[in-house]
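> got a predicted structure plus its sequence, pasted below:
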Number of protein chains: 6
Amino acid sequence: MRPSGRTASQIRPVTITRHYTCHAEGSVLIEFGNTKVLCNASVTEGVPRFMKGQGKGWVTAEYSMLPRATHTRSEREAARGKQGGRTLEIQRLIARSLRAAVDLKMLGENTIVVDCDVIQADGGTRTASITGACVALADALTWMRAKGIIKTNPIKHMIAALSVGIYKGNAIADLEYIEDSAAETDMNIVMTDTGKLIEVQGTAEAEPFSFEELQDMLELAKHGLRELFDEQKLALN
Amino acid sequence: MRPSGRTASQIRPVTITRHYTCHAEGSVLIEFGNTKVLCNASVTEGVPRFMKGQGKGWVTAEYSMLPRATHTRSEREAARGKQGGRTLEIQRLIARSLRAAVDLKMLGENTIVVDCDVIQADGGTRTASITGACVALADALTWMRAKGIIKTNPIKHMIAALSVGIYKGNAIADLEYIEDSAAETDMNIVMTDTGKLIEVQGTAEAEPFSFEELQDMLELAKHGLRELFDEQKLALN
Amino acid sequence: MRPSGRTASQIRPVTITRHYTCHAEGSVLIEFGNTKVLCNASVTEGVPRFMKGQGKGWVTAEYSMLPRATHTRSEREAARGKQGGRTLEIQRLIARSLRAAVDLKMLGENTIVVDCDVIQADGGTRTASITGACVALADALTWMRAKGIIKTNPIKHMIAALSVGIYKGNAIADLEYIEDSAAETDMNIVMTDTGKLIEVQGTAEAEPFSFEELQDMLELAKHGLRELFDEQKLALN
Amino acid sequence: MRPSGRTASQIRPVTITRHYTCHAEGSVLIEFGNTKVLCNASVTEGVPRFMKGQGKGWVTAEYSMLPRATHTRSEREAARGKQGGRTLEIQRLIARSLRAAVDLKMLGENTIVVDCDVIQADGGTRTASITGACVALADALTWMRAKGIIKTNPIKHMIAALSVGIYKGNAIADLEYIEDSAAETDMNIVMTDTGKLIEVQGTAEAEPFSFEELQDMLELAKHGLRELFDEQKLALN
Amino acid sequence: MRPSGRTASQIRPVTITRHYTCHAEGSVLIEFGNTKVLCNASVTEGVPRFMKGQGKGWVTAEYSMLPRATHTRSEREAARGKQGGRTLEIQRLIARSLRAAVDLKMLGENTIVVDCDVIQADGGTRTASITGACVALADALTWMRAKGIIKTNPIKHMIAALSVGIYKGNAIADLEYIEDSAAETDMNIVMTDTGKLIEVQGTAEAEPFSFEELQDMLELAKHGLRELFDEQKLALN
Amino acid sequence: MRPSGRTASQIRPVTITRHYTCHAEGSVLIEFGNTKVLCNASVTEGVPRFMKGQGKGWVTAEYSMLPRATHTRSEREAARGKQGGRTLEIQRLIARSLRAAVDLKMLGENTIVVDCDVIQADGGTRTASITGACVALADALTWMRAKGIIKTNPIKHMIAALSVGIYKGNAIADLEYIEDSAAETDMNIVMTDTGKLIEVQGTAEAEPFSFEELQDMLELAKHGLRELFDEQKLALN
């Protein structure tokens, strides 16, 4: 049994609040249960130096946890003077995933940065970030179209992400912190709403996992992600 | 006339939401109009090295703006690898002000860090931070008393802060961004609820100011701060 | 057809040279074709602060590419003043994988750091690093046993890693640089010699991939990894 | 009574030595009693990036204490790898104050940096810095005029700064270290020689201060600053 | 007697392997006994900003020790976030020495960076680096001529470097680690193959040295360096 | 002929002012012509971690140039966030030289840091630093003896340093900036007052130098250093 009483495949209640802050071109507060992430998409003219002159745009992301998003306070990365390895790993994942959702050629030489700041953490901050960031990105692209900066919508498909894992020997979906910290295996799946895979990252925490367990987790992810795509659609309509 | 139609002495609507996040010992979202700051107070055992063995506690603060709290995105300080001068100046002000509110001897060898993270900025982020942080601090101290960590409440007085300025030749209270960026003089006052001063920081932006203008601003601050203390009391009861 | 003329499942020639340098307790030069990584395992007494007093040991890893390991020179990370996101991501992967191979309780309060320095890169530097690091780790543990620092060998199973990918629509194993840079999907699998999974990391580069393609890649990895385990055994005997 | 036997309003002997070093366009050693600060103004063509194309100049400042300017040695900031919060706060104050003294439009696209390096500290290093820096700035502007870089003198008014405070219950002017470290309130006032205010920064150290005490301190500052302006004039003639 | 049984003037066996890695324009593994340094020369178009527009090229060098090149592991400089003083001192020496070997005007506006990475250290890493780097530089210049980037060879003379020292009261050549760590005086000489001096750096470690001892060391260096020039010539033919 | 009209062997006027600042245990302003360096020696109890428990003391040094010590302003190292290679190289040289002057065992577990801050530069800042630092060190040791911290004076011999070089084909002593920047060879010699060598560092700037030129420079240094030892003695009596 799961601590929350959820079934193995049951994801937490999802809330997507658009236009959460007033300055960003796309601003989404996404909640996966007690996990709350603010995703702000910012549009700027021009592209980073390594992309110049290719007639293409750029999409990137940054991720951070507020120091007291967690049970105990973590040191502020700005005060430490550098971003930790976990932070960099997660923001690289978010950025790669978002770029897979967009046709960069249709974006023109413009950049969209999506900032994912975790207000409160209870497991699944990276999957909530990706799922919310895609909505913020969609809003920013709509804004660009309204402003005449782009002619057509460069979104190829929506993307969303879900964590799955092996917990007490069983595959479960959308782990909260208490499950995550005790799981034998932890896995994050990023998928398109057309049912294809963007990222698959599975890690044995306590025990190596079998190919069969991998299949079970993939199956759970596929179903849970359908629900996330429904939530995204609902929010965007 | 002020852009918002407010009178010279009129402060913006203030909202103080306690228990905003679930992990921090004190967690307050404070809003001064469109300015929104999350103030999380974290209690930890022990004190920094330079305070050890004195039988006293320590209170400090950190301040940050989310990259897209403002009209245009600012670079993330964690990514740049250092906190800017403005950030350090503000967090030093918040920390000093909070320490003036607490009897450190009564705190025991414990540390409270108050993180002030600006979710949305529209002028007055440092004054909102101080005003909200004092409520979060009060909640954290109540929590410590409930846990038996301290016997009596070490708060000496509540503190709050308000910005005042000279705008188009007149003294006004609680400047929003559009006023702040055009003001001749910008001033921040931190006061105790017993009517004494903790900090007075006035800066000529475009024009030097006269001693008379200084008096006008101080007068406005004194009155506006009364309202802030009322809001704090209301929130805490 | 693959540029090298290899079949889809064919991995490159693997060479494992033990005792490559004279100071390290375990020192292995591993070659996957033109990719050459020096893996040095260093044993030290004691554990990092966060592990103290648990009676357990610690295994970690660092990864770096020599500036001219690649076609064009990359800036030296020590000169830039920080390790890049890619570096941190890879060394976290190597370290996690190695820890999954060892019973930390049997290690006593000792630390093993495995440095993986890429002398020459031609794709697959992280998989070569893991495969070679496990041999260096085994040698360091043998050294510890010879010195009487540990009584029994704490290795639970050998681990190895292989890259697989979708290249021109087909699943292939052990991508070299020219394939890697053109692949639709890139995936790294870390496995135990008992046939269980440690890490699965698949990334869509140009195109999302299907669940079927994922299965094809997993299948190729399983077979290629058998060969790597054979090479490790050969080297260790 | 004050430790030095000075009256409450009595400032320390002030010495201003121009042309102290031979390379800088303006070079002033200023002494407030035992506090000695070297203020070097450097003129360079061009302005920082954020000022380009506005036809205006830029004035900025940097502040530092030699490691052994104080009773005990402080760590060298260059060795620590970053400037502390106090340093940044002070150099921002000096720079803002100097900019308030100059018409940036009349400066053309040129930059003046004033370096304030504290050779010996005994309280009041920031006020001595500002007072000396304004003389160095005046010399640098004279040099620019002599070289034909500017046509007319862009100085709007001289500025000077003085510390005041509440010490053993009384307002006093120009605190030396022994007073400063024991003061209830510490305040720095930057004024123009036309009697207007540039900066007012008052901080309660041990005790909040009343509005009446604030008035007393302002009054002392006004008088002490007259003397500083006399010293500046004397030095410049 | 020397620990290795060598005579006072006898240098260790020298091995120079060209084309050691496949990407660099010049790639040399040089061995002085157990000291092994990989020297990779990289050619790039353009020069650093401070050299622009002078019609001249630039030659520079970077030096690093792999963390476990030595008896005990040293912290990785990239992880520490800065290069140590010893590293910077050595790479400045290598770079200055190499620039003395080349006519920068004949190089055109091109840059050559020589990376010297110490694979295994047993004393003399800086002298081996310089001696090997000059061969790598020569190969890179040959490559440039073959590509038509330069018309004539800008090498003025070959350079090589040797350590000498006072060990147990006698001058000896080419110190290995065990001698170096016990030597009274340590000296490094960089010379041209035309018998002139580029650098002379002698340091008293335990005891000041006399002018006579200096002469003895210079004499030993002169002879040992002849052998190094012979090895370079042999390798290049 | 030298620009200043000096003869080849003639050093600049030397001024040594003791007790230049009031806080340091040893404080010396040394002037070699227009080169002015403030050398402050600070005594602290205890030694750095790597020296603990050996019953020995430690002597070290830091070096810095004020930003406008030179003809044009250099960036402040504290603002850049790191010390440059030249700075580190010089401070390592000063520190090594000072340690050669002192019997660390007789110092007890105490540390002396000598800060050499260049107020004005005109060539020879490192040699002036060493020569002045040794006097500041002597004063600090006298202070320690007066305080009863040490029983006997741990100075083994005084040290001083002089620059020599090849300028327009001739060996000259004590180069000023205009000579230094045009010299073919630049050399710094650190010697004891007993006539032995501590450091010899010669660098070919424009042209390699012959063994004969090296002898000429050494000879000049030997004579010039005698004069420096006389100045030190004069200052200390």
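Nice, I can see it. Numbers count the residues shown, from 1 in each chain, chains lettered A, B, ... in the order given.

> which residue is the nearest non-sequential neighbour of residue A:234?
residue A:16 (7.8 Å; Cβ to Cβ, 6 or more residues apart in numbering or on different chains). (C-beta placed from N, C-alpha, C; glycine too.)

> elements contacting the helix or strand where residue A:44 lies?
Assessed by DSSP states H and E, residue A:44 sits inside strand A:35-45. Where contact means 3 or more Cβ pairs under 8 Å, 6 or more residues apart in numbering or on different chains; DSSP states H and E, strand A:35-45 is packed against strand A:26-32, strand A:110-120, helix A:125-146.

> got a list of contacts for the helix or strand that comes right after that strand?
Using DSSP H and E, the helix or strand that follows strand A:35-45 in sequence is strand A:58-65. The contact list for strand A:58-65, computed with Cβ atoms under 8 Å, 6 or more residues apart in numbering or on different chains, reads A:47-48, A:51, A:74, A:77, A:83, A:87, A:90-91, A:94-95, A:98-99, A:102, A:104, A:107, A:110-118, A:121, A:125-126, A:129, A:133, A:137, B:67, B:76, B:78-79.

> what's the average pLDDT for strand A:58-65?
Averaged over strand A:58-65, pLDDT sits at 98.

> next one: stretch A:27-43
Across stretch A:27-43, the average pLDDT comes to 98.

> and stretch A:84-99, by the same measure?
Across stretch A:84-99, pLDDT averages out at 97.

> how about stretch A:139-150?
The pLDDT scores in stretch A:139-150 average 98.

> return the set of buried residues in that stretch.
A:139-144, A:150 (16 or more other Cβ atoms under 10 Å in any protein chain shown).

> any chance of those residues in a markdown table, plus distance to chain C?
A markdown table is the format used below for those (distance: Cβ to the nearest Cβ, whole Å):
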| residue | distance to chain C |
| --- | --- |
| A:139 | 22 |
| A:140 | 22 |
| A:141 | 19 |
| A:142 | 23 |
| A:143 | 26 |
| A:144 | 24 |
| A:150 | 22 |
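
> just those residues that are near chain B?
Among the buried residues of stretch A:139-150, no residue lies close to chain B (Cβ under 8 Å from any Cβ of the partner chain).

> now the helices and strands packed on strand A:35-45 as TSV including distance to chain E?
Output for the helices and strands packed on strand A:35-45, formatted as TSV (distance: least, Cβ to the nearest Cβ, whole Å):
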stretch	distance to chain E
strand A:26-32	34
strand A:110-120	25
helix A:125-146	24
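
> identify whichever of these lies nearest to residue D:177.
strand A:110-120 (43.0 Å; Cβ to Cβ).

> follow-up on the earlier one: tell me how many other residues surround the residue nearest to residue A:234.
Neighbours of residue A:16 under the rule other Cβ atoms under 10 Å in any protein chain shown: 21.

> how about it, phi and psi?
phi -120, psi 110 (degrees, to the nearest 10).

> which residues touch it?
Contacts of residue A:16 by Cβ under 8 Å, 6+ apart are A:28-31, A:132, A:135, A:231-232, A:234-235.

> beta partners for it?
Counting by DSSP bridges, residue A:16 is bridged to residue A:30.

> neighbours around the residue lying closest to residue A:13 once chain neighbours are set aside, how many?
Of all residues not flanking residue A:13 in the chain, residue A:33 sits nearest, at 6.3 Å (Cβ to Cβ, 6+ apart). Neighbourhood size, residue A:33 [other Cβ under 10 Å]: 20.

> from memory residue A:33 sits against residue A:15, does it?
No: in this structure residue A:33 lies outside contact range of residue A:15 using Cβ atoms under 8 Å: 9.4 Å.

> so where's the longest helix in chain A?
Longest helix in chain A, counting residues (DSSP state H): helix A:211-236.

> point out where chain A drops to low pLDDT.
Across chain A, nothing is flagged by pLDDT under 70.

> name the residue most distant from the centre of it?
residue A:53 (29.6 Å; Cα atoms, centre = their mean).

> just to revisit the earlier point, please, a PyMOL command that selects the buried ones among the contacts of strand A:58-65?
In PyMOL, this line selects whichever of those come out buried by 16+ other Cβ under 10 Å:
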select buried, (chain A and resi 47+74+77+83+87+90+91+94+95+98+99+102+104+107+110+111+112+113+114+115+116+117+118+121+125+126+129+133+137) or (chain B and resi 67+76+78+79)
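
> enumerate the residues of chain A near chain C.
So far as Cβ under 8 Å from any Cβ goes, chain A lies against chain C at A:82, A:85-86, A:88-89, A:91-92, A:96, A:100, A:157, A:187, A:192, A:194-204, A:208-211, A:214, A:218, A:222.

> which ones among these map onto helices?
Those of the residues of chain A next to chain C mapping onto helices are A:85-86, A:88-89, A:91-92, A:96, A:211, A:214, A:218, A:222, per DSSP H.
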